[in-house]
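**Student:** Give me the fold of what follows.
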Amino acid sequence: EPLHDGCFCVDGLFYPDRTPHTGAYNMKAIYRPLRATRLAGNKLSIINTNRFLASDGIEVYWEYQVDGEVAICGSFDTAIPPEKECTYKLDLPKVDYEKNTYLNLTYLKGDFEVATEQLTLSEAQFPQPVLESGKISMSSDGEVIAVKFPNGSMEFSEETGEVLSLKVNGISVLNKTPVSHKGFLLNFVRAYIDNDRQDEAKWDEHNLRNPEIVLEDFSAEVKSGVASVSEFFAIYGKEDILFHANVLYIIGANGVVDIEVCVAPVKESKEQIYDIPRIGLTFEADKRFTQIEYFGRGEKENFCDFNAHAPIGLYKSTVAEQYEPYIRPQDNMNHSDVSYLKLMSEKGEVVCISSDKRFNFNVHNFTQETLFNANHREDIVDEKTTFVTLDGYTRGTGTGSCGPRTLPEYCIDASKELTFNFVIAPSKRG
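**Tutor:** Predicted coordinates for the structure are as follows:
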């Protein structure tokens, strides 16, 4: 290998200051010596994968979680011979299949955490905010469409389709002075991660970082007490149209907004690319939304193919904490298998984001473009915004920096029509 000063010189499983890299946490989970093999009723079977060492001294602490809350917990000691399996009886309640139920296992040797593991018992969709019909109106001055309802309003640019403002119950959701844009804009790329190095030239060749997104059709109407704004876009690469996208906003009289997106390839185009990093939306929320709560994989960053260290659960964090300090700045703190995300301010303002299916998100106090342009950690600064990335589809991380690319089952197949939605519901606590 030629001499170089690339980030991999100091960016292994631990950073130079001996802080564990996310990869170290994943390795810890993958290398765990004890593994649950099955759960039948209340009987849990665990195998000791060690070849020569018995599991004496390893305690298993377990939690039975329902919708992110611990319903019951317990522990037991193990004494499993090498390469053998033992079964333990747990005092578990009956599974409610209308809830999200998980059995979390923590393997302990004294005070030292050997590893963790999660078993999925049931998964269900959380109730979504209801979009209500009622008194709602719409007006246009030729440049801006304004939708008004009893507790707020929403404005759209008729030229670009961008949402210019969303105000509900006195809550102004979008950043009035954004660093990049307000929202909600289509996004097909991420700030390239180390494992994207075999593919980033291909994505750049088709201009995925800065595609020309042209609004070709715009229509709006109020019907049966609900407003709808339909936008049809052409997404251009360097030579021709890559995709068509239809973005439909359905706005309830109570301020709940359902954003439905359909992206389809243009088969007759002379420029085509189907293996892409992500398909989703980005927006800048007001900087006062400094806290988040979400139900999904955490608390460490994770992807669909990189998540053994990230159990599904209920997590709370600040926006500032949503940052993994890679030596070379890149997309970070992605969260997968997310049921809902809440942006929260210290004043009790909440913006709840949910979907018909589980999604990916990341949130930072700087923009995606800042990540793209940064060469060093020191280039990342608080830009006084809350930049949110919502993905209907996200490519896995793979091992492309020094091994195989992302496996096909973790890639996006954009050769077919892809659909997703997000429901935005602002409210105030208490």
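**Student:** CA-only coordinates of the strand or helix carrying residue 230 in CSV, if you can.
**Tutor:** Applying DSSP states H and E as the criterion places residue 230 in strand 226-236. Listed next in CSV are the C-alpha coordinates belonging to strand 226-236 (Å, rounded to 0.1, in the frame of the first residue of the first chain):
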residue,chain,number,x,y,z
VAL,A,226,-59.2,18.5,3.5
ALA,A,227,-56.5,20.3,1.4
SER,A,228,-54.2,18.6,-1.0
VAL,A,229,-51.1,19.9,-2.8
SER,A,230,-49.7,17.7,-5.6
GLU,A,231,-46.2,18.2,-7.0
PHE,A,232,-44.7,16.3,-9.9
PHE,A,233,-40.9,16.5,-10.3
ALA,A,234,-38.3,15.4,-12.8
ILE,A,235,-34.9,14.5,-11.3
TYR,A,236,-32.1,15.1,-13.7
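**Student:** Might one say that residue 229 is in contact with residue 144?
**Tutor:** No: at 11.6 Å, residue 229 and residue 144 do not qualify as touching, with contact defined as Cβ atoms under 8 Å. All C-beta spots, glycine's among them, are computed from the backbone N, C-alpha and C.
**Student:** In terms of neighbours, single out the busier of those two.
**Tutor:** Using other Cβ atoms under 10 Å, the more surrounded residue of residue 229 and residue 144 is residue 229, with 23 against 14.
**Student:** I'd like the distance between the more buried one and residue 315.
**Tutor:** 33 Å (Cβ to Cβ, to the nearest Å).
**Student:** what is in contact with residue 229 and residue 144 at once?
**Tutor:** residue 156 (Cβ atoms under 8 Å, 6 or more residues apart in numbering).
**Student:** rewinding a little: packing partners of the strand holding residue 230?
**Tutor:** Applying 3 or more Cβ pairs under 8 Å, 6 or more residues apart in numbering; DSSP states H and E, we find strand 226-236 packed against strand 144-149, strand 212-223, strand 241-251.
**Student:** can you give me the angle the shortest one makes with strand 226-236?
**Tutor:** Angle, strand 144-149 to strand 226-236, by axes from the mean of the first three to the mean of the last three Cα atoms, to 10 degrees: 150 degrees.
**Student:** Beyond strand 144-149, next helix or strand please.
**Tutor:** Defined by DSSP H and E, the subsequent element after strand 144-149 is strand 152-157.
**Student:** Show residues contacting the very next helix or strand once past that following strand.
**Tutor:** Per DSSP H and E, strand 152-157 leads on to strand 163-168 as the next helix or strand towards the C-terminus. Here strand 163-168 makes contact (Cβ under 8 Å, 6+ apart) with 144, 151-157, 172-174, 176, 182-184, 249, 255, 257, 283, 424, 426-427.
**Student:** Rounded mean pLDDT for strand 163-168, please.
**Tutor:** Averaged across strand 163-168, the pLDDT comes to 97.
**Student:** And stretch 260-277, by the same measure?
**Tutor:** 96.
**Student:** What residues of that stretch count as buried?
**Tutor:** 260, 261, 263, 265, 266, 269, 272, 273, 275, 276, 277 (16 or more other Cβ atoms under 10 Å).
**Student:** Now those in a markdown table, please, with extra columns for distance to residue 190.
**Tutor:** Converted to a markdown table, those look like this (distance: Cβ to Cβ, whole Å):
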| residue | distance to residue 190 |
| --- | --- |
| 260 | 23 |
| 261 | 17 |
| 263 | 16 |
| 265 | 20 |
| 266 | 23 |
| 269 | 23 |
| 272 | 20 |
| 273 | 15 |
| 275 | 13 |
| 276 | 10 |
| 277 | 5 |
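**Student:** From the residues you listed, which land in strands?
**Tutor:** 260, 261, 263, 265 (DSSP state E).
**Student:** Could you export those as JSON lines, including distance to residue 60?
**Tutor:** Compiled in JSON lines, these are given as follows (distance: Cβ to Cβ, whole Å):
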{"residue": "260", "distance to residue 60": "45"}
{"residue": "261", "distance to residue 60": "44"}
{"residue": "263", "distance to residue 60": "45"}
{"residue": "265", "distance to residue 60": "49"}
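**Student:** Check which helices and strands the longest strand belonging to the chain sits against.
**Tutor:** Longest strand in the chain by number of residues (criterion: DSSP E): strand 349-364. Counting contacts by 3+ Cβ pairs under 8 Å, 6+ apart, strand 349-364 is packed against strand 278-285, strand 289-297, strand 335-345, strand 386-394, strand 418-428.
**Student:** try it again with 7 Å
**Tutor:** Contacts defined by 3 or more Cβ pairs under 7 Å, 6 or more residues apart in numbering; DSSP states H and E place strand 349-364 against strand 335-345, strand 386-394, strand 418-428.
**Student:** Send me that strand as CSV with only the CA atoms.
**Tutor:** Extracted C-alpha coordinates of strand 349-364, given in CSV (Å, rounded to 0.1, in the frame of the first residue of the first chain):
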residue,chain,number,x,y,z
GLU,A,349,-43.4,22.0,21.6
VAL,A,350,-43.4,18.6,19.8
VAL,A,351,-43.2,17.7,16.1
CYS,A,352,-44.1,14.0,15.8
ILE,A,353,-43.0,12.2,12.6
SER,A,354,-44.4,8.8,11.8
SER,A,355,-45.0,6.5,8.8
ASP,A,356,-47.0,3.6,7.5
LYS,A,357,-43.8,1.5,7.7
ARG,A,358,-40.6,1.7,9.6
PHE,A,359,-38.1,4.3,8.3
ASN,A,360,-34.6,5.7,8.8
PHE,A,361,-33.6,9.1,10.1
ASN,A,362,-30.7,11.2,11.2
VAL,A,363,-30.7,14.7,12.7
HIS,A,364,-27.9,17.2,13.2
